[in-house]
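[1] okay, here's the prediction I keep looking at, along with the sequence it came from:
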Amino acid sequence: MQLQSMYQEIILDHYRNPHHKGLREPYDAEVHHVNPTCGDEVTLRVRLDGADDGARITDVSYDAMGCSISQASASVLTDLMIGKTVKEAMAISEEFRSLMQSRGELQPDEEVLEDAVAFAGVSKYPARIKCALLSWMAWKDATARALGHGDGDER
Amino acid sequence: MQLQSMYQEIILDHYRNPHHKGLREPYDAEVHHVNPTCGDEVTLRVRLDGADDGARITDVSYDAMGCSISQASASVLTDLMIGKTVKEAMAISEEFRSLMQSRGELQPDEEVLEDAVAFAGVSKYPARIKCALLSWMAWKDATARALGHGDGDER
Amino acid sequence: MSFDVDRIRKDFPILARTVREDRPLIYLDSANTSQKPQQVIDAIDDYYSRHNANIHRATHQLGEEATEAYEGARIKVAGFIGTRDESEVIFTKNISEGLNLVAYAMGNAATSGPEAERFRVGPGDEIVITEMEHHSNIVPWQLLAQRTGATLRWFGVTDDGRLDLDRIDELITERTKVVALAHQSNVLGTINPVREVAAKAHAVGALVVVDGAQAVPHMPVDVQDLGVDFYGFTAHKLCGPTGIGVLWGRRELLEILPPFLGGGEMIETVWMERSTYAPPPHRFEAGTMPIAEAAGLAAAVDYVTGVGLDAVRAHERDLLGHALEAMAEVPGLRVLGPLETANRGTAISFTLDGGDGREIHPHDVSQVLDADGVAVRAGHHCARPLHRRFGINASTRASLYLYNTRDEIDALVDGIRQAQKFFGAA
Amino acid sequence: MSFDVDRIRKDFPILARTVREDRPLIYLDSANTSQKPQQVIDAIDDYYSRHNANIHRATHQLGEEATEAYEGARIKVAGFIGTRDESEVIFTKNISEGLNLVAYAMGNAATSGPEAERFRVGPGDEIVITEMEHHSNIVPWQLLAQRTGATLRWFGVTDDGRLDLDRIDELITERTKVVALAHQSNVLGTINPVREVAAKAHAVGALVVVDGAQAVPHMPVDVQDLGVDFYGFTAHKLCGPTGIGVLWGRRELLEILPPFLGGGEMIETVWMERSTYAPPPHRFEAGTMPIAEAAGLAAAVDYVTGVGLDAVRAHERDLLGHALEAMAEVPGLRVLGPLETANRGTAISFTLDGGDGREIHPHDVSQVLDADGVAVRAGHHCARPLHRRFGINASTRASLYLYNTRDEIDALVDGIRQAQKFFGAA
Ligand SMILES: Cc1ncc(COP(=O)(O)O)c(C=O)c1O
Ligand SMILES: Cc1ncc(COP(=O)(O)O)c(C=O)c1O
């Protein structure tokens, strides 16, 4: 194993200097997710402007305890989502999920995923996929709640 | 396997023509034992004359549902026990138990065990040892009860 | 038929051995436990020799491989029983644990949150089982009734060994909370009309729990199609290892079913005072699971799927027809359960008369058979109430599986006649 | 020392394999699960290839052989843990089930006869555990408290990772019904003063349940000598297979303990309405048990006894001393638990600072180690409350067993330094 295949520079950069970290006001929904195996946690807030699919994501803020992968992934998530419509963001989220489930077989679409393409290497390590997805699941859950759809968590 | 090594003529004779079968009055204690695996059952009564070890066994009667081994063993048991003192009978019972746990390695003492020596072959078949011992365990239990020692069953 | 029993027999190393005084083994006790093909033995060996680690918990390569073996088995089992959602598949140690899991989790509903309301049972509520159940589908419900004050009721069995549905409307009522029944009887071979009973039960809002221990090894089973709520089976009767069973449950129900065994990785978060629990299936898998056994079960599923359950069934039906015919010709032999092959599996239990009106005890019958190398089971087969229903304490049971042959059945029938000679009046 | 680690390593086929890019496997995750010697793998293979049958129930030769394998394992285990009465040995699927068995059987005492009085717990009664328990010795007691209204209390842990006995007289009182604690912590390595705690508990009439999962693999254990009531362990950490654990209980207690799982051969007589139960140990063994696994466990007991647990212990102590010393030299590495080898096992959990005051997450540490072929565990190791006690969510754990070497520890420490370089400020 090349350590670098998992820990690409982009990931290490986001880990060392996370973007949009810290919980902010105002927000429409806040969720708290846990990775039961390692105890990693994320609290995540979403602020929307508008309703349904067309709503615009005006802020995503978070506080997280976890490994470099989960921290970097939260940072990348916020970069990607803030400013998008819910519809656009959901598409990105689906793309990221497919990438993480691809076991390194999928050629990620950099147009859509931007920095998140760096996680392609992580998808080869099943034990770490949950780390990468933790904040994304939390975001999906929070967004569903903000839209008034109740529990959007698919676990 | 030679079928005859388990089913000696003596056993088949006792099975075909069991001795002392049928429940009789009077009695001091009655017990009901079950072999949980096969559902075989024995109801056994003991009548004593006297107290403690020195008491004489004046009757052992039984009603049994079970295989040839368990039926024959009950028949042999009554032959051996009726008329003995409890002390003598306990010694026989111990001898029989040792024989049954010997896996065919013990040379049985015909002086003590009489017809019960025929069960030596059964001791090679672990699944059948319980059949041979069913009425003997019941007898021991009943005798303990008749002597006022409560539950003499060692299970 | 493309089914080649000789080729299949070669897969099972134990079938090459001899017993007693050098007799070839004739194994007719598969309803008790099946034999294992080399493929299953190898899968377990390979797991321990190359991939062993604890699962879910490890970030190293062995941990990944072990997790893949275990979770891969779950996906394989899900497909095998007709569900696409592998999180509906819970691994247990055997089906007995699976049935207890449902009963205890229902018991725990009493002190769980309102979401578990659906599972609560108490005085006035009824639990319905049948008289042909294995003890593993009787005792857990007796214990649940005892703990909660609910009432246990049961379907009877007809003289020809079918479920007696005449009183179904009296039995399954608004008071019924759960109906638990075998898909196939381990004594009578009877295949029960599960779909019909499930429909009645669902009409009154009761849960339906099915014991598939004797069905899954012998026929294609589709749990969705059966329309039941919980369905269990056990690997060791399916060419698989000991130490592992499966409980399938509907996702919506598993989501709200309270936990049973506590510990290990079934949790979400643990504080000293209290815990929250993981989503299914992990909520129901406490402690280190039978991992090597899951690998073995996956190999077993591959094996029977490879042979084809339809082919297995056709072969077994041929054997069953032959056996029922041959046994009908033995005077004094009474088969318990259906005498025709329709809706009937390959467990054949019988009593035997010695010709003098006296029954030859199953222990004696089986001992004579054993002396010839023929392995059958004697006793009540963990179905004592069913035996009492037929006025007996015990029976002899021959049970067939994919590796058996017509010749073996002929040897069985020969042995039965010998037993009659040995013990009978003749 | 007659202990030859090279010879021992040859017994474990997995140790010859490589991981990731052709690195030799350095397995330091034995507290999670141990590797298996060829002897154990062969015992399982032999069981399935030559002796497989169901036990207790069969009158044929295979049934006898299988029963002997299973009951022989019981006798072997009894001797191994210092009891002469093998009926005190109950087989379970893992120790988690064993601990749940005690907790559920105690719960069942409420609706059992007066003989079970001794086990009843209810409002006002107290259950005492410790803050260093594995979830498997926490959650079952939480669930029991929830079902019965009893109160859960616990011992704290000192800063240096020992059980805090200061408040023992406040904790163990007339209200205490049961005290449950680990013999050895799976995180801290701490060996607890079980005998002392048991004496206090017995003085107030409480039952003592000990989780020996991490003790039995590493030291001679004599349950009689410890003076406890129930003692459990799990085979897969003892060079044995998955799918089997052991619960030992005092005979007088097992005689009157209500049943837990219902079904199969745990009965005496079953009617539809109710059942009576078999004497111990069978009362607690419902359904088809892990038979091949028992054969594997017996081989594992033979294996570790053959090597000698005293020799294992001496070897481990040498490794432990070396490891604690080498790790003390890594700046920013904090070992959880005792820093001396006395009363301490070979689980070494630690946190790692990157040199910039920021902790390197255990997942990242273990990933770097894994890239070097070094297998450790990262997470809370099923002891979340203990981690919270130390103000952390997770740790990295290296754990040693008889097949490990000083060189492997050096590789571990090298890897830890690499992780610091990779993630740290440096
Ligand atoms: C101290 C301790 N108790 C209990 C357990 C649970 O063992 P199992 O998972 O085999 O039930 C473990 C290991 O996981 C342990 O280390
Ligand atoms: C119909 C039926 N149910 C349940 C069981 C119990 O299976 P297990 O012993 O594997 O739990 C069996 C087999 O023994 C069975 O035949």
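    Yep, it's here. Ligands and ions are numbered 1, 2, ... in the order given.
[2] C-alpha from now on. contacts and neighbour counts both.
    Noted.
[3] where exactly do the helices run in the stretch 1-150 of chain C?
    If DSSP state H, counting those that start in this stretch is used as the criterion, the helices of the stretch 1-150 of chain C fall at C:5-10, C:38-46, C:61-80, C:95-108, C:139-148.
[4] no no, the stretch 151-300 of chain C
    Counting by DSSP H, counting those that start in this stretch, the helices of the stretch 151-300 of chain C are C:168-171, C:194-203, C:223-226, C:251-256, C:291-307.
[5] figure out which of the ones you listed is closest to chain D.
    Comparing these against chain D with C-alpha to the nearest C-alpha, the closest turns out to be helix C:291-307 (6.2 Å).
[6] next, the angle from the closest one to helix C:38-46.
    Angle of helix C:291-307 versus helix C:38-46, following axes from the mean of the first three to the mean of the last three C-alpha atoms, to 10 degrees, is 160 degrees.
[7] helix C:291-307 near chain D at all?
    Yes. Counting by C-alpha under 8 Å from any C-alpha of the partner chain, chain D has neighbours in helix C:291-307: C:I291, C:A292, C:E293.
[8] beyond that helix, next helix or strand please.
    helix C:309-328 (DSSP states H and E).
[9] format the helices of the stretch 1-150 of chain C as TSV; extra columns: mean neighbour count, mean pLDDT and distance to B:E94.
    As requested, the helices of the stretch 1-150 of chain C are arranged in TSV below (neighbours: other C-alpha atoms under 10 Å in any protein chain shown; pLDDT from 0 to 100; distance: least, C-alpha to C-alpha, whole Å):
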stretch	mean neighbour count	mean pLDDT	distance to B:E94
helix C:5-10	13	98	47
helix C:38-46	21	98	44
helix C:61-80	22	97	51
helix C:95-108	26	98	38
helix C:139-148	24	98	36
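[10] so which of these is nearest ligand 1?
    helix C:61-80 (14.0 Å; C-alpha to the nearest ligand atom).
[11] contacts for that closest one?
    A:125-127, C:47, C:51-58, C:84-86, C:88-91, C:221-222, C:291-292, C:294-295, C:297-298, C:301, D:19-20, D:370, D:375 (C-alpha atoms under 8 Å, 6 or more residues apart in numbering or on different chains).
[12] of those, select the buried ones using a ChimeraX command.
    Buried members of the contacts of helix C:61-80, defined by 16 or more other C-alpha atoms under 10 Å in any protein chain shown, are picked up in ChimeraX with:
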select /A:125,126,127 /C:47,51,52,53,54,55,56,57,58,86,88,89,90,91,221,222,291,292,294,295,297,298,301 /D:19,20,370,375
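[13] among the contacts of helix C:61-80, which are in strands?
    C:V89, C:I90, C:F91, D:V19, D:A375 (DSSP state E).
[14] ok, of these, which one's closest to chain A?
    Distances from chain A to those, taken by C-alpha to the nearest C-alpha, are shortest for D:V19, at 8.8 Å.
[15] center of chain A, which residue is that?
    Central residue of chain A (C-alpha atoms, centre = their mean): A:W136, 3.1 Å from the mean position.
[16] now do the contacts for that residue.
    Taking C-alpha under 8 Å, 6+ apart, we find A:W136 in contact with A:S73, A:A74, A:L77, A:S93.
[17] which of the helices or strands spans the third one?
    This points to A:L77. helix A:68-81.
[18] just the helices of the stretch 151-300 of chain C: most buried one?
    helix C:291-307 (a mean of 24; mean count of other C-alpha atoms under 10 Å in any protein chain shown).
[19] off-centre distance for that one?
    Centre-to-centre, helix C:291-307 and its host chain are 16 Å apart (C-alpha atoms, centre = their mean, to the nearest Å).
[20] equivalent analysis for stretch A:23-39, please.
    12 Å.
[21] for that stretch, how far is the first residue from the last?
    Terminal residues of stretch A:23-39 are spaced 20 Å apart (C-alpha to C-alpha, to the nearest Å).
[22] does any part of it sit near ligand 1?
    No. For stretch A:23-39, no contact with ligand 1 is found by C-alpha under 6 Å from any ligand atom; the gap never falls below 12.4 Å.
[23] ok so, going back, and the helices of the stretch 151-300 of chain C: which comes nearest chain B?
    Here helix C:291-307 is closest among the helices of the stretch 151-300 of chain C (C-alpha to the nearest C-alpha), at 27.1 Å.
[24] show residues contacting the closest one.
    C:3, C:37, C:39-41, C:43-44, C:47-48, C:52, C:55, C:66, C:69-70, C:72-74, C:76-77, C:80, C:235, C:238-244, D:241-243.
[25] ok, stretch A:96-109 next?
    Applying C-alpha under 8 Å, 6+ apart, the contact partners of stretch A:96-109 are A:113, A:116-117, A:119-126, A:129, A:132-133.
[26] and with 6 Å instead?
    A:V117, A:A120, A:G121, A:S123, A:K124 (C-alpha atoms under 6 Å, 6 or more residues apart in numbering or on different chains).
[27] and the biggest helix by length in chain A, what's buried?
    Across chain A, the longest stretch assigned as helix under DSSP state H is helix A:126-146. Using 16+ other C-alpha under 10 Å as the burial criterion, the residues of helix A:126-146 that qualify are A:126-146.
[28] quick one: C:A378 is in a helix?
    No. According to DSSP: H, G, I helix; E, B strand; the rest coil, the state of C:A378 is strand, so it is not within a helix.
[29] state the distance from it to chain B.
    Per C-alpha to the nearest C-alpha, to the nearest Å, C:A378 is found 7 Å from chain B.
[30] could you point out the bridge partners of that residue in the sheet?
    Under DSSP bridges, the beta-bridge partners of C:A378 are C:T396.
[31] contacting residues around it?
    C:P362, C:H363, C:S395, C:T396.
[32] repeat the analysis, applying 10 Å as the threshold.
    C:A378 sits next to B:37-38, C:29, C:349-350, C:361-367, C:394-398, D:57-60 when contact means C-alpha atoms under 10 Å, 6 or more residues apart in numbering or on different chains.
[33] ok, now how distant is the residue nearest the centre of chain C from C:Y231?
    Nearest residue to the geometric centre of chain C (C-alpha atoms, centre = their mean): C:A213, 1.2 Å. The gap separating C:A213 from C:Y231 is 9 Å, by C-alpha to C-alpha.
[34] quick check: neighbours shared by those two?
    Common neighbours of C:A213 and C:Y231 (C-alpha under 10 Å, 6+ apart) are C:I95, C:A182, C:H183, C:V246.
[35] can you narrow these to ones near chain A?
    Among the shared contacts of C:A213 and C:Y231, no residue lies close to chain A (C-alpha under 10 Å from any C-alpha of the partner chain).
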